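S.K.: Okay, predicted coordinates and the sequence, questions at the end:
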Amino acid sequence: MKIKPLADRVVVKPLEADEKTKGGLFVPDTAKERPQQGEIVAVGPGRVSDDGKKIPMEVKVGDRILYGKYTGTEVTYDGVEYLIMRESDIFAIL
């Protein structure tokens, strides 16, 4: 990965939205919701606290995460869409 996030930011590749519902109906592209799960592909070094101490990141590359629906900034790199967000925007590691 050539994108290197700074401070407490992470680069996430969103997982694809489901193509069909649990009942077996296919969902058209226009009706799909933005995914809320993804895989971390790059992690920043961590943030620096007010007293100068470095706070390490709790997530690592390869973690599957759960994040907010409208969290992060969308970026397209080499034809692939990614999200860049702060570690504090991540709800859970799956």
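M.R.: Thanks, I have the structure now. Numbering: from 1, shown residues only.
S.K.: hmm, who's touching stretch 58-70?
M.R.: 10, 12, 15, 33-34, 36-43, 83, 85, 87, 89-94 (Cβ atoms under 8 Å, 6 or more residues apart in numbering). The C-beta positions use only the backbone N, C-alpha and C, and glycine is treated the same way.
S.K.: what about burial for the residues you listed, which qualify?
M.R.: Buried members of those, counted by 16 or more other Cβ atoms under 10 Å: 10, 12, 36, 38, 40-43, 83, 85, 87, 89-90.
S.K.: mind checking how far stretch 43-59 is from the chain centre?
M.R.: Counting by Cα atoms, centre = their mean, to the nearest Å, stretch 43-59 is centred 18 Å from the centre of its parent chain.
S.K.: Going by neighbour count, list what's buried in that stretch.
M.R.: For stretch 43-59, by 16+ other Cβ under 10 Å, it's 43-44, 47, 57.
S.K.: before we move on, the earlier item: could you redo the buried ones among the contacts of stretch 58-70 as CSV and give each row pLDDT and secondary structure?
M.R.: Output for those, formatted as CSV (pLDDT from 0 to 100; DSSP: H, G, I helix; E, B strand; the rest coil):
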residue, pLDDT, secondary structure
10, 97, strand
12, 96, strand
36, 89, coil
38, 95, strand
40, 97, strand
41, 97, strand
42, 96, strand
43, 97, strand
83, 95, strand
85, 96, strand
87, 94, helix
89, 94, helix
90, 95, strand
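S.K.: Save those residues as TSV, and put in distance to residue 4 too.
M.R.: Listed next are the buried ones among the contacts of stretch 58-70 as TSV, based on distance: Cβ to Cβ, whole Å:
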residue	distance to residue 4
10	11
12	14
36	25
38	18
40	13
41	11
42	6
43	9
83	15
85	15
87	15
89	19
90	18
